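Participant: need coordinates for the following:
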Amino acid sequence: MSFSLGIGIVTYNRKDTLRETIDQVRALTREPNAAYVVADDGSSDGTLAMLRAMRIPVVTGTNMGIAWNKNRALFVLSQLLGCETVILLEDDCRPAEAAWESQWMSAARRLGHVNYAGEWIRQFFLSGSGTADDPVRSTMVTAQCTAFSRTALTYAGYLDPRFSGYGHEHVEHTRRLIRLGYGGNEEQHDGKEQVVYHLIKGGITVVDSISHGNPEAAECNLMLARQLMAEQGYRAPWRDDRQLRQFRSETESSFGSDPARFAVHAAPAVAGPHPRGLLSRFLGRTHR
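Facilitator: Predicted structure coming up:
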């Protein structure tokens, strides 16, 4: 089976915050053909036990950093479940109104990629009301919520797994998408060429939470981002065969034999192709 929408919630050691976000996703999502998965980056606070007790679909593994963890969710939703639109929520970002997902789906179909118009970056807004039809144009981007069309991911690929910890991985990925025509453009502003990002408000809210940021890791990631900005090619979620085997083990272990269990709204189980065959087709398509 395939889904119109996939919702990925990425988390690390914030199980109470995560639980409330899951509850809001299930209560306020109205798209009838929606799937969801939690990507857990090796939490040690009981997150995995909680998710299994709640019967929440989860993809997990050792702690690898936010780029790798977001790729877990993106790959399961876009490649294994065939979702046409994927929305990624960080665990402290949650729906605040019914049918919140509709604007994100519309924006992803129209723009290919879109990010969240957080009020804390309002000083960088140039224009726009923050809807799918009139997105905010901003010279700054934030990563709490982001949406992708499956087509955009097919051409631009995933977050670069060379980023470790937290920081700047999302900026590099978004700029790569923009260079391919998804989610923004480069234009003259204040007398110089600048990247302008497309953002929407999208019926969500961000709550206070414990930060796992590391200033040293963020600085290393900033230097890496500056190096990678000139590399415009497609990125797989792994860098070498060892990482491929790890990523494959993590995503296939999460999938099981019943895609219907990923549905946000309960539906009868429908048998589908085994994920090993799906991943084999993905490998053949991207490594020719």
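Participant: the stretch 1-150 of the chain: strands as residue ranges?
Facilitator: Ranges of strands within the stretch 1-150 of the chain are 5-11, 34-40, 58-60, 85-90, 93-95, 113-116, 125-127, 136-138, 145-149, based on DSSP state E, counting those that start in this stretch.
Participant: longest strand of the chain?
Facilitator: The residue-count maximum for a strand in the chain (DSSP state E) belongs to strand 192-200.
Participant: any idea of the mean pLDDT in that one?
Facilitator: On average, the pLDDT along strand 192-200 is 93.
Participant: same deal with stretch 67-85?
Facilitator: pLDDT averaged over stretch 67-85 gives 96.
Participant: for it, C-alpha coordinates in PDB please.
Facilitator: Output of stretch 67-85 as PDB, limited to C-alpha atoms (Å, rounded to 0.1, in the frame of the first residue of the first chain):
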ATOM      1  CA  ALA A  67      20.800  14.200  10.100                       C
ATOM      2  CA  TRP A  68      21.000  10.400  10.200                       C
ATOM      3  CA  ASN A  69      17.800  10.300  12.400                       C
ATOM      4  CA  LYS A  70      15.800  12.500  10.000                       C
ATOM      5  CA  ASN A  71      16.900  10.300   7.200                       C
ATOM      6  CA  ARG A  72      15.500   7.300   9.000                       C
ATOM      7  CA  ALA A  73      12.100   8.800   8.900                       C
ATOM      8  CA  LEU A  74      12.400  10.300   5.400                       C
ATOM      9  CA  PHE A  75      13.500   7.000   3.900                       C
ATOM     10  CA  VAL A  76      10.800   4.800   5.600                       C
ATOM     11  CA  LEU A  77       8.000   7.200   4.600                       C
ATOM     12  CA  SER A  78       9.100   8.200   1.100                       C
ATOM     13  CA  GLN A  79      10.700   5.000  -0.100                       C
ATOM     14  CA  LEU A  80       9.300   2.100   1.900                       C
ATOM     15  CA  LEU A  81       5.800   3.500   2.300                       C
ATOM     16  CA  GLY A  82       5.600   5.500  -0.900                       C
ATOM     17  CA  CYS A  83       4.200   8.700   0.700                       C
ATOM     18  CA  GLU A  84       3.700  11.400  -1.900                       C
ATOM     19  CA  THR A  85       4.300  14.200   0.800                       C
END
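Participant: now Leu177: how far from Ser78?
Facilitator: Relative to Ser78, Leu177 is positioned 14 Å away (criterion: Cβ to Cβ, to the nearest Å). (Glycine included, C-beta is placed from N, CA and C.)
Participant: now for the two: what residues contact both?
Facilitator: Phe148 (Cβ atoms under 8 Å, 6 or more residues apart in numbering).
Participant: hang on, the earlier thing: closest one to His265 among the strands of the stretch 1-150 of the chain?
Facilitator: Among the strands of the stretch 1-150 of the chain, strand 34-40 comes nearest to His265, with 7.0 Å by Cβ to Cβ.
Participant: what mean pLDDT does the closest one get?
Facilitator: 98.
Participant: what does it rub up against?
Facilitator: So strand 34-40 is contacted by 3-12, 18, 22, 25-26, 29, 47-48, 51, 56-60, 69-70, 72-73, 76-77, 81, 83, 101, 254, 259, 262-265 (Cβ under 8 Å, 6+ apart).
Participant: 6 Å instead?
Facilitator: 3, 5-11, 47-48, 51, 56-60, 69, 72-73, 76, 81, 262-264 (Cβ atoms under 6 Å, 6 or more residues apart in numbering).
Participant: need the strands of the stretch 1-150 of the chain in TSV (columns: mean neighbour count).
Facilitator: Shown next, in TSV, are the strands of the stretch 1-150 of the chain (neighbours: other Cβ atoms under 10 Å):
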stretch	mean neighbour count
strand 5-11	26
strand 34-40	27
strand 58-60	22
strand 85-90	26
strand 93-95	24
strand 113-116	28
strand 125-127	13
strand 136-138	23
strand 145-149	28
